[in-house]
Structure formats: C-alpha cells, structure tokens
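J.: How does the following fold in three dimensions:
(one chain, ligands or ions: 2)
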Amino acid sequence: MRLLLRLQNGVGGKGFSLSRSEPMRRPGRSPVGDADEPPKPSDPDAPILPRDPDKKPGWFGPMRVMGVFIACLMTVSAVFSVLAVLRDPPTNGVPAEGGVREVTAPKAIGSDELATSQTVVEKTSELVGGLLAAGFDEGSCLSRYQSVLFRKESKHKPSSYLISRLRGYEALLKRCGPHSDSYKRTLEMLKSGHSMGTSDCNYVVWISFSGLGNRILTLASAFLYALLTNRVLLVDPGVDMTDLFCEPFPEVSWFLPSDFPLKDQFKGLDQNSPHCYGKMLTGNSLSKLEIPSFTYLHLVHDYNDHDKLFFCDEDQSFLQSIPWLIMRTDNYFVPSLFLIPSFEQELDKLFPERENVFHFLGRYLFHPTNSVWGLIRRYYQTYLAKADERIGIQIRVFDTGLGPFQHVLDQILDCTTRENLLPRTIEEGSPEVSSLNQKSKAVLVTSLSSGYFERIRDIYWHDPTTTGEAVSIVQPSHEEYQQTEKETHNRKAWAEMYLLSLTDVLITSSWSTFGYVAQGLGGLKPWILYKPENRTAPDPPCRRAMSMEPCFHAPPFYDCKAKQGVDTGDLVPHVRHCEDMSWGLKLVDPHDN
Ligand SMILES: Nc1nc2c(ncn2[C@@H]2O[C@H](COP(=O)(O)OP(=O)(O)OP(=O)(O)O)[C@@H](O)[C@H]2O)c(=O)[nH]1
Ligand SMILES: [Mg+2]
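T.: Numbers count the residues shown, from 1 in each chain. Ligands and ions are numbered 1, 2, ... in the order given. Below is the predicted model of the structure:
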C-alpha cells in the first residue's frame, strides 16, 4: 500500500528526469570484410627429444651406453609428465584447500618474472583457498588453473567476508539450483502466475543482450545483485555464452535450463510489456496486493523514470517478495547499488576498498573456455611473453566512416609519448640514439581495423627509438565491424579483452565496455583516450583513470527519499562521475590519491 501511495504521488509527471543518459549504441560500423589472422605459434609445447647416444661411439662402452640411454629415457619421461600435467591436467587433480601438486611452472609460459621459481602448486592453492572454490574438473576449464601463470600477482586481496559470502552462494546454489526440489517448487509458482506465499529460493534471470563487453559487465552486476538479495542467478545462454565461459560454480550449472517456461517470451519482453516492473508501476497493476510470480526488470540504457525506481529502497523491499526477476540490461549498474541504503552495510563489508568490485567478481566469474584459452595462451606465449614490458592499446572509434583516422592516430601517439608509455623515435644515425638500453616493449593493439596497428608498427620499424628500446607492435585480429552471427567473432573479442588484461600498462578508449573489462580483470588503472570531438585530437589526449572500475553509462539521478532529482555523483565520496563520460558513475577508492 505504501508503494501504491508513493506511486500515486509518484515520479511520472513531475517534470524532471531521473537520468541524463544517452543511448549506448553508436552508429557506423560498415561491413568491409572478414579478416582472420591466427597467430603463428613457435610451438613452445614441442617435446624435447633425447639425443642419440650412438652419436659418440668410440668413447662409450656398451654398459655406459645402456646407462646413458636409461637416464635419457627417465628424463624424457619426466619432461613429458610435466608437460602432460600442464597441458591436460588429471581430472581428479583438484587439491583440497592448500593441497599439494608437485608441478613447477615451465619456463616457456611467460617472461622471467612469470616463470620464476614459484610453483604452480603454490599459486593454485592460493587461488583455490581464496576467491575460487575447489571441486572443479581442471581439464574442463584450463584457464581457471593456468591463468595465474600469466598474471602478475594482484596487489588487491579479496576481503574474507567476500570469500565467505561466495562460499555461501555456492551452497545456496546447491540447494536452489536448476533441477533441485526447491527450483521445481518455485517453477510451479511461475506457472501459476502468483507467488503463493514466500519461497525458500528466489531467482534472478539474466537475459543475454548487447555486445560482449557489456554482457560481461552486466553479468557481474546481476551476480552482485543476486548476492545482495540472496537470489540464485540464472544465465540465459543466448547463442554463444556456453562457448565463451566456463561454468563458474562447482557442481551446479549457472545456465538457465532449456525448458524454462518463459524462455520463448524473452525476445518480446520490453518496456511496454505488461510484466515490466516500470510499466506495472505506471498502470498501478501492483495495487491489488496480489504479488506476481515474476516481473521483468528493464535496465537498458533507454529505461524510463519508473524503470529506474529499481534503485530505490522501497522498491527493493517490494521486489523481495517476487520469486522470479527477469532482467535485461546493457549497463554496469553496480555504482548505483552502492547508493541504496539497505545494501550499504553489506557492500562495505564485501568491498572495503570499493574500487575492486569488478576486479574480484570478474576473476571469480569469467574463465575462458578451453578453446578461447588456447587463443589467449598461444598468442601470449608467441608475441608477448618475452618482452620486458607489455603495453595494451585498445582502440574503439565511435565516429562514422571507415578510418583509420589521422586524428585518432595523432591522439594515441601524443598520449604514449607525453605520458612516457612508449619511447619517441628519431632519425637513424642521430647522436641522440642510445644503444645502451637493451629492453624490449611489446605493444598489443586491439581494434576492429588494422590501420592504426600498421601505422604505429611502421613508425617503430622505420626509425630507432631515442632510448634504444626495441618496440614490437602486434594485433591479433581486425574484424572490421561488429558481428553477431559468426561463431569465432566473439571468441576473438573475449580473447583480446583477456590479453589486454595481461599487459602491464593499458591505454583504453572512452566509452568502451571492451576496455573496461580488460582494465578490471587486469587490475589496471588505464590511461583513457578522451573521446575526440569534431574529428580533432583532444588536448590533453588522455588521462589516468581514477580507478579500475567500469563506468555506469546510464545512472539514475533521483533522490528516492526526497523524491526529487539529485546529482548522484555527488552524494558519497566513493561514487564519482567517470573520467570518460561526465554523466556516468563509477566507484573509486576514496583513500586512494
Ligand atoms: N576482436 C575484436 N572485436 C572488437 C573490438 N572492438 C569491438 N569489437 C567487437 O564489437 C563489439 C563491441 O561491443 P562491446 O564489447 O560492448 O564493446 P564497446 O566498445 O562497448 O562497443 P559498443 O558496445 O558497441 O558501444 C565487441 O563485443 C566485439 O564483437 C576489438 O578490438 N577486437
Ligand atoms: Mg559496449
């Protein structure tokens, strides 16, 4: 009733907007071709063969030959065992927390800094005992265990409270997950159309929607919401989610069962559907005190003022009584969850540093499937591992037209030189050229077009660097335009986001969720290239991000208590406007200068 009263006095015709958001879709990706440039791995996995003992005859007697032969056989067998475990670990090889597997990290995997004396066993047990749960079949998702060999150790540590809540969520999933008795009971409510009293298990269903970067961010947002509201998150597999991501939870699938009754209706759910929460509020159809068994939450960038009431406490307490929430979103809405008073205390305990929400949720949830992991691992080993420093440049151009654009190239080079991220080049033979510096830098460029990569590569090919450093430029693919139907397209996109996250220094493009995913997974504060206006390189060209968190592009600007508009970027020190989008919101660590 309180809800109804509030609605009647409501937000609808009061003449202010809850948002200053702009649509996230941008025009202009013209189909040009279908380029595919797989890496040419130098086969680091090739077995080391024994030398033929017969090569040095006269010196060896028959016994000695036999002895050497046996020793060689033993060495080969040992080398093969290590390689076999790393390439295809035994399925029963999951150690209990702190368990021991005697495997030494191979030299071939990374640079010296990655392949130090630290053993896989130490690092794996650290992960297993930390953010990730034990109890997985290693071979079915190699990235879960091997990624630690490719990453620098994160300087951020998850709170013990986050770890215990994740273990609690996994237990909830076992009790309420698909095909459990509770799931079947709650499904009956869905079929009946009414909530029929309280349910011991409640659900939030995430609909697969939008570009891959957005999907990764919205899944993390939906998962945090599920964690805060003790719901089970179920993931609509869409067309390619099962190809891209391993199951993140032990034993129970996060995918929505294929016989889920509303599945065929997902396409038709929008702002005007009678089941849309915002629509139900406008039509006062929630006034009958008859709690529906499900509602559709429209949290897409074009959502209206009523849809945005999702971010109000009073609505959250009402939503608690609805067993099934079906959510469609293309936004990282986490920053606004931090502004809901009833979630405040819990979020404080989960993320005391505030700025590592996506960093931890991302590393917990998103593990590339073996086929995507192969793309990542081979590319990294072949092109990036040996460099002293790895620099990622993520180029996303939202202008219309084909490009490459000179102003974008100028902007990138201005940023890399002003911020000392890459050395300048100078004329060959110039006395300023230093030959003392033997360091190497590998630059990973990602872009839909190959033009920027080619231009930057040519610059560092034609002229020496002033520092004497060797700079190599690589780009895994140039897909030319965003595609939805091609199987390998999103695999490459996911592999590239992940590869960017493995760099030491990251430069990203404004407004791009592709870049946000890379920075968050990598735990990197990127240099953000400002969005060019009027086809002119901005000055300054880039700035360092305040935090590694993604930006919420379409937040509400509404004070639920005062029932009036407010600048939500100005309410608490840890929720600020984004560097790349003045109306967006992002989490920052207020203690971090
Ligand atoms: N392989 C690859 N694909 C890209 C690249 N940039 C964009 N794409 C493709 O275009 C899609 C863009 O969607 P997102 O991942 O959400 O990235 P975004 O920069 O936020 O772009 P929009 O959502 O379209 O505004 C990606 O998922 C890829 O399919 C790139 O550098 N490499
Ligand atoms: Mg996007």
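J.: and the closest residue in space to Ala537 that isn't next to it in sequence, what element?
T.: Excluding the flanking residues, the one nearest Ala537 by Cβ to Cβ, 6 or more residues apart in numbering is Gln411, at 4.0 Å. No exception for glycine: its C-beta is placed from N, CA and C like everyone else's. Remark: Gln411 resides in helix 406-418, with elements defined by DSSP states H and E.
J.: Report all helices and strands that that helix contacts.
T.: Counting contacts by 3 or more Cβ pairs under 8 Å, 6 or more residues apart in numbering; DSSP states H and E, helix 406-418 is packed against strand 389-395, helix 451-462, strand 505-509, strand 527-529, strand 542-544.
J.: The first one and ligand 2, are they touching?
T.: No - with Cβ under 5 Å from the ion as the criterion, ligand 2 is not reached by strand 389-395; the gap is at least 11.9 Å.
J.: Can you list the strands that that strand pairs with?
T.: strand 440-447 (parallel), strand 505-509 (parallel) (DSSP bridges).
J.: Would you mind reformatting those (as a markdown table) and adding columns for mean neighbour count and distance to Ser336 while you're at it?
T.: Shown next, in a markdown table, are those (neighbours: other Cβ atoms under 10 Å; distance: least, Cβ to Cβ, whole Å):
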| stretch | mean neighbour count | distance to Ser336 |
| --- | --- | --- |
| strand 440-447 | 24 | 29 |
| strand 505-509 | 25 | 22 |
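J.: In a markdown table: the helices and strands packed on helix 406-418, plus mean pLDDT.
T.: Below are these laid out as a markdown table (pLDDT from 0 to 100):
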| stretch | mean pLDDT |
| --- | --- |
| strand 389-395 | 98 |
| helix 451-462 | 97 |
| strand 505-509 | 98 |
| strand 527-529 | 98 |
| strand 542-544 | 98 |
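J.: Below-threshold pLDDT in this protein: ranges please.
T.: Low-confidence segments of the chain (pLDDT under 70): 1-129, 195-197, 285-289, 485, 593.
J.: middle-most residue in it, spatially?
T.: For the chain, the residue nearest the mean C-alpha position is Val517 (3.9 Å; Cα atoms, centre = their mean).
J.: Just the residues contacting stretch 366-377, thanks.
T.: With Cβ atoms under 8 Å, 6 or more residues apart in numbering as the test, stretch 366-377 has contacts from 39, 140-144, 146-147, 150, 216, 219-220, 242-246, 248, 476, 491-492, 494-495, 498-499, 502, 521.
J.: So Ser164, which state does it fall into?
T.: helix (DSSP: H, G, I helix; E, B strand; the rest coil).
J.: ok, now Leu281?
T.: helix.
J.: where's Val232 relative to Ser180, distance?
T.: Counting by Cβ to Cβ, to the nearest Å, the gap from Val232 to Ser180 is 9 Å.
J.: okay, these two: which has more neighbours?
T.: Val232 (24 against 16; other Cβ atoms under 10 Å).
J.: interface residues of this protein facing ligand 1?
T.: 24, 26, 211-214, 396, 446-448, 477, 479, 482, 489-490, 492-493, 496, 512-514 (Cβ under 6 Å from any ligand atom).
J.: one step back: take the helices and strands packed on helix 406-418 and lay them out in TSV including distance to Met189.
T.: Shown next, in TSV, are the helices and strands packed on helix 406-418 (distance: least, Cβ to Cβ, whole Å):
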stretch	distance to Met189
strand 389-395	45
helix 451-462	53
strand 505-509	44
strand 527-529	46
strand 542-544	50
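J.: Flag every buried residue along the helix holding Gln411.
T.: Residues of helix 406-418 classed as buried by neighbour count (16 or more other Cβ atoms under 10 Å): His407, Val408, Leu409, Gln411, Ile412, Leu413, Asp414, Cys415, Thr416.
J.: who are the neighbours in contact with whatever residue of the stretch 251-400 of the chain ends up closest to ligand 1?
T.: When distances are taken as Cβ to the nearest ligand atom, the stretch 251-400 of the chain reaches nearest to ligand 1 at Arg396, 4.2 Å away. For Arg396, the contact set (Cβ under 8 Å, 6+ apart) comprises Ser447, Leu448, Ser509, Trp511, Ser512, Phe514, Gly515.
J.: quick revisit: I'd like to know which of the contacts of stretch 366-377 are buried.
T.: Here, 16+ other Cβ under 10 Å leaves 141-144, 146-147, 150, 216, 219-220, 244-246, 248, 476, 491-492, 494-495, 498-499, 502, 521 buried among those.
J.: mind checking how far the strand or helix carrying Tyr296 is from the chain centre?
T.: Under the criterion of DSSP H and E, Tyr296 resides in strand 294-299. Chain-centre distance of strand 294-299: 24 Å, with Cα atoms, centre = their mean, to the nearest Å.
J.: I'd say Ala442 and Ser472 touch.
T.: Yes - contact criterion Cβ atoms under 8 Å: Ala442 and Ser472 qualify, at 5.1 Å.
J.: hmm, back to that, now secondary structure and distance to Leu384 too, for the contacts of Arg396, in a markdown table please.
T.: Below are those laid out as a markdown table (DSSP: H, G, I helix; E, B strand; the rest coil; distance: Cβ to Cβ, whole Å):
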| residue | secondary structure | distance to Leu384 |
| --- | --- | --- |
| Ser447 | strand | 17 |
| Leu448 | coil | 21 |
| Ser509 | strand | 20 |
| Trp511 | coil | 26 |
| Ser512 | coil | 21 |
| Phe514 | helix | 18 |
| Gly515 | helix | 18 |
